[in-house]
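1. need coordinates for the following:
(one chain, ligands or ions: 1)
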Amino acid sequence: MDINSNNFIQALKNRDLEALRKIPKADLHNHFVLGGCRTFIKEKTGIDIVPNKGVMHSMEEMHKWNDQNLGERFNSPEMRQLKIDATFVQAAKDGVQILEIGEDVWGLDVYFQSDIQMLINSFKQSQRQYGKDIELRLQIGMSRHCSINALEKWLEPFWDEKAFYSIDLYGIEHGQSIENFNGIYRNAKSKGLKLKAHVGEWGTAEDVRQAVEILELDEVQHGIAAVESKSVMKYLRDNKIRLNITPTSNVVLGRVKDYSEHPIKELYHSGIDVTINSDDILIFDSDVSKEYLRLYENGVLSERELDDIRMNGLKNLD
Ligand SMILES: [Zn+2]
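-> Here you go, the predicted structure:
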């Protein structure tokens, strides 16, 4: 067993968060607008962003938190850059070695003067300055409620840029039928992008299967509802579909009653490729090291199983 695994296992047993932070890990489900380091943002702006307390009952409540804690004052190109910087600061502090993040397609016009090179460089520059040891997997982001026409128009400047690694779909899970995105995903596949979408957080196991089948997804963000169906779990395992899971987000948003009941246990034990990630650090107080520790302390997975998942996240998909 390698030294990192030994140290990681020991750190879990000692419940030593600082030691956990030193061990390499991946964050493959991170929304940079809410992924930043709280103390860095405070230092730069004087603004205290306080994580949510208790359970939220809907995405609307999450948007309300967003308006109260961030709101308009963060909606400028300068503050967008600050959020990107804060995300690399946070990731570096937390021992994240692979970070998959990216801008929403509409952000190109609003924050980067419609200049795709400016957008790409702002992530790369931030990575060089604050996270030089981090592998950046740059993602193209889309919100599910946006019209397909608008998305196709916004996507045009992104398609031929080799800097992008993946494409993701998020926002209101049932914003519109998943079939509508077929054309966009066929195009993304032809460009060699890894295909991801948020599904099975608010929806069902069948929603997960459908999204994977129709969009030919490589990875699912959340996907925890798959646990409701043995056949969907088998389908995910047989097709080597990765689930990028975010336990604290699931608990805070009331998708899972308690850490001890988190479906990651059953999904992992049924042989599905799972990873552990942060989602929205500023709201959920959910950095990646804390996620591992919480699953360990709640007896969901053993220290060896958690290390196996950590190592899995650092492996490349075929
Ligand atoms: Zn997410």
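2. going by C-alpha atoms from here, please, whenever you check contacts or count neighbours.
-> Fine.
3. and stretch 245-262, how far from the chain's centre?
-> 15 Å (Cα atoms, centre = their mean, to the nearest Å).
4. neighbouring contacts of the least confident helix or strand in the chain by mean pLDDT?
-> Every helix and strand of the chain was ranked by mean pLDDT, DSSP states H and E. The lowest is helix 59-69, at a mean of 87. Here helix 59-69 makes contact (Cα atoms under 8 Å, 6 or more residues apart in numbering) with 49, 50, 52, 56, 172, 253, 283.
5. same thing but 6 Å
-> residue 49 (Cα atoms under 6 Å, 6 or more residues apart in numbering).
6. pull out the buried positions in that helix.
-> 62, 65, 66, 69 (16 or more other Cα atoms under 10 Å).
7. quick one: the last one from residue 46, how far?
-> If you measure residue 69 against residue 46 using Cα to Cα, to the nearest Å, the figure is 13 Å.
8. do the same with the second one
-> Residue 65 sits 18 Å away from residue 46, taking Cα to Cα as the criterion.
9. over to the first one?
-> Counting by Cα to Cα, the separation of residue 62 from residue 46 is 23 Å.
10. helix, strand, or coil at residue 100?
-> strand (DSSP: H, G, I helix; E, B strand; the rest coil).
11. give me every residue that touches the nearest residue to it once chain neighbours are set aside.
-> Excluding the flanking residues, the one nearest residue 100 by Cα to Cα, 6 or more residues apart in numbering is residue 137, at 4.5 Å. Neighbouring residues of residue 137 by Cα under 6 Å, 6+ apart: 99, 100, 165.
12. buried sites along the strand or helix carrying residue 137?
-> When elements are assigned from DSSP states H and E, residue 137 belongs to strand 135-143. Under the neighbour-count criterion of 16+ other Cα under 10 Å, strand 135-143 has 136, 138, 139, 140, 141, 142, 143 buried.
13. which one of these sits closest to residue 183?
-> residue 142 (13.8 Å; Cα to Cα).
14. how about the closest one, nearest residue that isn't a chain neighbour?
-> Nearest residue to residue 142, sequence neighbours excluded (Cα to Cα, 6+ apart): residue 169, at 4.8 Å.
15. could you do residue 89 as well?
-> residue 130 (5.5 Å).
16. what's the pLDDT at that neighbour?
-> Here the pLDDT value assigned to residue 130 is 98.
17. part of a strand, is residue 275?
-> Yes: under three-state DSSP, residue 275 falls within a strand.
18. how close does it get to residue 241?
-> 11 Å.
19. of these two, which one has the most company?
-> residue 275 (27 against 21; other Cα atoms under 10 Å).
20. point out where this structure drops to low pLDDT.
-> Within the chain, the ranges that satisfy pLDDT under 70 run 317-318.
21. and the residue nearest the centre of it?
-> residue 29 (1.3 Å; Cα atoms, centre = their mean).
22. could you verify my assumption that that one touches residue 276?
-> No: assessed by Cα atoms under 6 Å, residue 29 is found out of contact with residue 276, at 8.3 Å.
23. about what we covered before: out of the buried residues of helix 59-69, the closest to residue 39 would be?
-> residue 69 (14.5 Å).
24. quickly note the distance from the closest one to residue 52.
-> 10 Å.
25. excluding covalently adjacent residues, which one is nearest to residue 110?
-> Nearest non-adjacent residue to residue 110, counting by Cα to Cα, 6+ apart: residue 77, 7.6 Å away.
26. check residue 248 too.
-> residue 286 (6.1 Å).
27. buried ones in the biggest helix by length in the chain?
-> Ranked by residue count and defined by DSSP state H, the top helix of the chain is helix 77-93. Buried residues in helix 77-93, counted by 16+ other Cα under 10 Å: 79-93.
28. quick check: residue 55 touching residue 251?
-> No: if you go by Cα under 6 Å, residue 55 and residue 251 don't touch, sitting 7.2 Å apart.
29. looking at the two, which has the bigger crowd around it?
-> Using other Cα under 10 Å as the criterion, residue 55 and residue 251 rank with residue 251 on top: 19 against 16.
30. hang on, the more buried one in a helix?
-> Yes: secondary structure of residue 251 (three-state DSSP): part of a helix.
31. need the buried residues of helix 59-69 in CSV (columns: distance to residue 215).
-> Listed next are the buried residues of helix 59-69 as CSV, based on distance: Cα to Cα, whole Å:
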residue, distance to residue 215
62, 27
65, 32
66, 30
69, 35
